[in-house]
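> Below: sequence and its predicted model.
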Amino acid sequence: MKLSSQASPRVPGTVFSGFGMRRRLLLAQTLVLLAGGVTTWVVASVVGPPLFREHLHMAGVAHDSNEQYHAEQAYQHATALSIGVAITVAALTALIATAYLSRRLQHSVAEVSAAASAVAEGRYDIRVAPPRLGLEFDEMATAFNKMADRLQAVESSRRQLFGDLAHEIRTPVAVLEAYLEAVEDGVRVLDQPTIAMLREQTGRLVRFSADAAALAQAEEAHATITPGWVEADEVARSVSAALADRFAAKSVALTLQVSGGTRFWADRQRLVQVLNNLLDNALRHTAPGGHVRLTVETTGNDVVFTVSDDGEGVAAEHLPHVFERFYRADSARNRDRGGSGLGLAIAKALTEAHGGTITATSPGPGAGTTFTVTVPSLPVAGARRGSQREYA
């Protein structure tokens, strides 16, 4: 892996600024050995002889005798030899240990540095192995890998988003362009059916841009939601009343079932948006004469909203993906129904911003679908998934 050859700037006044990690460790070990050797020599030279001489006198050796002189000479030679051998062995041991440890440290740091440079160049698939030099270094490697995983996911999401945006916009733009060229060439006249088609395609673009903006806000909802005490049954009745005309126009029955008044902590506007998106999704995928039910109940410390329909249903292989942006199953999410493919993604982001969860279940195609939104009824410190806002 190629590393940058640019030298790091030296910090003025730093003694070790020009030394690498290996030299610094060796120098530190050398200073420790020198300090230990000098201290040992001073103690042996100042404290040792008087103590040794005192013990000779206690053993009956006369003062200033030849026996005392030769004994002290032997003691000094033995002390010097012992200190020399000890310092030499300690120095060799320190040199070997430092060389081994510094090599592993240098290799680990160099690997992280090279990986960081690769990530900076856009190679988010780079990972580093734990150096096993201690908990701190292993945690550093783990944190780096998590960062790389997150950056890779963000980059993948960004590329997919731009691809999906281009794909979604292409169809209405192509239709508009074709109709405008036909009008210019005289193949079509600007009559009421042509104007209606142009309005339909521009309306799709307007709805798509609005949904894209709503999704961006929803995914940042932890910084924008303003929670307060709301009544669960009042929210459900309000949403049902607002959509009643649309359901009646399609001859789809909408029923509401509540289990009594429950006050809970949430952003009313955002929660209404979640239920609106779920009911809109149910309406688009339920045939005339079908039925959609909105249920509100309390389970423990959670408030549960359930939107169920007897419409098209979703195949088992598509259920794990229904909350992904722009995801459409062939039988259940058709572009011709007018959906942007963002409604369920918005509902998921807003639900998680409240610290809640949203799930989808379906027995299969033609058997209907049930969406369940669970939000905590009491203020929580941060969200259970994704949100970082602390509710007061």
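Alright, I've got the coordinates.
> Domain map for this structure?
Per automatic domain parsing, the domain ranges recorded for the chain read 21-123, 160-219, 227-376.
> Would you map the helices across the stretch 101-250 of the chain?
135-185, 192-219, 232-249 (DSSP state H, counting those that start in this stretch).
> And the last one, what's buried?
Applying a neighbour-count criterion of 16 or more other C-beta atoms under 10 Å, the buried positions in helix 232-249 are Ala232, Val235, Ala236, Val239, Ser240, Leu243, Phe247. Where you see a C-beta, it was placed from the backbone N, CA and C, and this is true even at glycine.
> I'd like the distance between the first one and Leu256.
When you say that, I think you mean Ala232. Distance, Ala232 to Leu256, using C-beta to C-beta, to the nearest Å: 12 Å.
> Need the overlap of contacts for these two.
Val296 (C-beta atoms under 8 Å, 6 or more residues apart in numbering).
> between the domains of the chain, which gets nearest to Ala141?
Among those, the nearest to Ala141 by C-beta to C-beta is domain 21-123 (7.1 Å).
> Quick check: mean pLDDT of the closest one?
Summarised as a single mean, pLDDT over domain 21-123 is 77.
> Point out the most buried one among the domains of the chain.
Greatest average neighbour count among these goes to domain 227-376 (a mean of 18), per mean count of other C-beta atoms under 10 Å.
> Return the distance of that domain from the chain's centre.
27 Å (C-alpha atoms, centre = their mean, to the nearest Å).
> which one of the buried residues of helix 232-249 sits closest to Pro376?
Ala232 (12.3 Å).
> Give me the three-state assignment for Thr306.
The three-state assignment at Thr306 reads strand, by DSSP: H, G, I helix; E, B strand; the rest coil.
> so it bridges to which residues?
Here Thr306 sits in beta bridges with Thr295, Thr372, as judged by DSSP bridges.
> show me what contacts it?
Here Thr306 is in contact with Arg293, Leu294, Thr295, Val296, Glu297, Thr370, Phe371, Thr372, Val373 (C-beta under 8 Å, 6+ apart).
> Please repeat the previous calculation with a cut-off of 10 Å.
Gln257, Leu278, Arg293, Leu294, Thr295, Val296, Glu297, Thr370, Phe371, Thr372, Val373, Thr374 (C-beta atoms under 10 Å, 6 or more residues apart in numbering).
> Pull the residues that contact stretch 85-100.
Against stretch 85-100 from outside (C-beta under 10 Å, 6+ apart): 22, 24-30, 32-34, 36-38, 40-41, 105.
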